[in-house]
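Chemist: structure for the following, please:
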Amino acid sequence: MPAMGAGAMYRRVQASTANPAQLAAMLCMGALKFTVKAERALEEKDIEGCHNFLVRAQACVAELQASLDFQRGGPVAEQLYSLYEFAGRRLVEANVRKDRHAMAEAREVLSHLQQTWSMLVNPEQAPPAVNAP
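Modeler: Purely as a prediction, here's the structure:
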C-alpha cells in the first residue's frame, strides 16, 4: 500500500474523531467542493473530470443520507433526507446531462446545508440573531 500523504492522513484522523454534526459538516463541504470543481471542469470542457467530481459529490451526499437516524431524528431526519435526496438527484441529472443549472441547484442546497451544519458545530461563529421588531 502506498504511503499516505500528511494531508490525507490528517483528513482521515479528523473524520474518524468527528462527532456526527462535524462529520455532516465535513461531508457537506466535500460535496460542495466537488460540485464547484465539476462546474469548473465543465467550463474547461473536461467532461471526464466533471464526471469524476460529480461522482465524488454524489458519494458525499449518499453518505449523508446513510448517516441519518430516523428513530432519534424524527421529522428533522426526514426533512434532511428530502434535502439530501434533492441534491443527490440534481447531481445525478447534472452528470447525465452535463447540466450547469442542475449543478447550481445542488450547489445552492449544499451550501445552505454546509452553513447550517457548520453553525451547529461552531455556534460562536454564527452570525448574531436578528431581533424582530
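Chemist: report the longest helix in this structure, please.
Modeler: helix 70-97 (DSSP state H).
Chemist: what's the angle from the next helix or strand after it to helix 70-97?
Modeler: Per DSSP states H and E, the first helix or strand lying C-terminal to helix 70-97 is helix 100-121. Per axes from the mean of the first three to the mean of the last three Cα atoms, to 10 degrees, the angle that helix 100-121 makes with helix 70-97 is 150 degrees.
Chemist: so what touches helix 100-121?
Modeler: 21-22, 24-25, 28-29, 31-32, 35-36, 38-39, 42, 54, 57, 61, 80, 83-84, 86-88, 90-91, 93-94, 125-126 (Cβ atoms under 8 Å, 6 or more residues apart in numbering). Using the backbone N, CA and C atoms, a C-beta is placed for each residue, glycine as well.
Chemist: how about it: buried residues?
Modeler: The neighbour-count check on helix 100-121 (16 or more other Cβ atoms under 10 Å) flags 102-103, 105-107, 109-111, 113-114, 116-118, 121 as buried.
Chemist: closest to Ser67 among those?
Modeler: Nearest to Ser67 among those: Trp117, at 11.5 Å, using Cβ to Cβ.
Chemist: now the nearest residue to that closest one once chain neighbours are set aside: which helix or strand?
Modeler: By the measure of Cβ to Cβ, 6 or more residues apart in numbering, the closest residue to Trp117 outside its immediate chain neighbours is Ala25, 3.7 Å from it. Secondary structure from DSSP H and E places Ala25 in helix 20-43.
Chemist: give me the residues contacting that helix.
Modeler: For helix 20-43, using Cβ under 8 Å, 6+ apart, the contacting residues are 14-15, 18, 47, 49-51, 53-54, 56-57, 60-61, 63-64, 67, 87, 91, 94-95, 98, 100, 103-104, 106-107, 110-111, 113-114, 117-118, 120-121.
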